[in-house]
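K.L.:
Got a predicted model here, sequence first, then my questions.
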Amino acid sequence: MQPGQPKSASIRLATERDIPVLTASLARAFADDGMTDWVCGPRGLESDERRNRRTASLFEGYLRCLSLPHGMVYTVGDGIGGSLWSPPGTWQMGLLSQARLVPYFVRAAGMSRLLTRFLAAQKILDRHPHAPHFYLQVLGVDPSAQGHGWGAQLLNAGLEVVDKAAMPAYLETMNETNIPFYQRYGFRLTGELALPYSGHRVWFMWRDAATSAAR
């Protein structure tokens, strides 16, 4: 789909066939995001193309090891954007899933950052709510297709499932400018954390179940 033809596409569930295009789109969407700087290092240390390839590896790991197995990944058109969700009870990875994710994370972060990023990630996991909820892992749209409302539609596709189940939802963001966007969809800020070893910050947001959430 060309960015100038937004009405020709529709939101749909992603499959493994979407992985190559979708991961590339998400890498470009997160090129200036705090999460990418945290995992891959500051922009400018390498070519944008190489950095995007490493970021795409991280999203491929999320898709293959976390989101696609539970059938809750939404995309649009030929993969210009996506929202990756974990249904209740599935956000915690077992040892097998963690082992499968490691090679993708190594390709994204590099060996020199691996230990510090792993320890910092544990700090984020320690703050993850344990009450049953849907977890929004990733939401992003290729910059070439932004401005057409696809981000909102990708978010709403998941929230429709969340609301039908009358369940709360949770997310983390490392981009403070995203907070007002999520607040418009009923998420509220519940805290923030300065990550060790890097100085990056992460913000935590919670959306109450549909009976009390304001859409």
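P.N.:
All right, it came through fine.
K.L.:
Next up, the contacts around the spatially most central residue of the chain.
P.N.:
Nearest to the mean C-alpha position of the chain, counting by CA atoms, centre = their mean, stands residue 138 at 1.3 Å. The contact partners of residue 138, by CB atoms under 8 Å, 6 or more residues apart in numbering, come to 26, 59, 62, 67, 82, 83, 84. Glycine gets a C-beta too; all of them are placed from N, C-alpha and C.
K.L.:
Apply 10 Å and report the result again.
P.N.:
26, 29-30, 35, 58-59, 62-63, 66-67, 73, 82-85, 154, 171 (CB atoms under 10 Å, 6 or more residues apart in numbering).
K.L.:
Please confirm that it is located within a helix.
P.N.:
No: under DSSP: H, G, I helix; E, B strand; the rest coil, residue 138 falls outside any helix and is assigned strand.
K.L.:
what bridges to it?
P.N.:
Listed by DSSP bridges, the beta-bridge partners for residue 138 are residue 84.
K.L.:
Which of the three states applies to residue 46?
P.N.:
Classified using three-state DSSP, residue 46 is coil.
K.L.:
Help me confirm that it comes into contact with residue 55.
P.N.:
No: using CB atoms under 10 Å, residue 46 is not in contact with residue 55, being 11.3 Å away.
K.L.:
List the residues that contact residue 128.
P.N.:
91, 92, 135, 170, 172, 204.
K.L.:
Is the fourth one in a helix, a strand, or coil?
P.N.:
In three-state terms, and counting by three-state DSSP, residue 170 is strand.
K.L.:
got a pLDDT number for the closest residue to it other than its chain neighbours?
P.N.:
Nearest residue to residue 170, sequence neighbours excluded (CB to CB, 6 or more residues apart in numbering): residue 133, at 4.9 Å. Residue 133 carries a pLDDT value of 97.
K.L.:
pretty sure residue 133 contacts residue 187?
P.N.:
No: in this structure, residue 133 is not within contact of residue 187 by CB under 10 Å, at 11.6 Å.
K.L.:
Can you pull the residues that touch both of these two?
P.N.:
The contact sets of residue 133 and residue 187 overlap at 168, 169, 170, 171, 206, 207, 208 (CB under 10 Å, 6+ apart).
K.L.:
So which bits of the worst-scoring helix or strand of the chain on mean pLDDT are buried?
P.N.:
Here the helix or strand of the chain ranked lowest by mean pLDDT, DSSP states H and E is helix 95-109, holding a mean of 81. Residues of helix 95-109 classed as buried by neighbour count (16 or more other CB atoms under 10 Å): 101, 104, 105, 107, 108, 109.
K.L.:
How about stretch 16-26?
P.N.:
Applying 16+ other CB under 10 Å to stretch 16-26 flags 18, 19, 21, 22, 23, 24, 25, 26 as buried.
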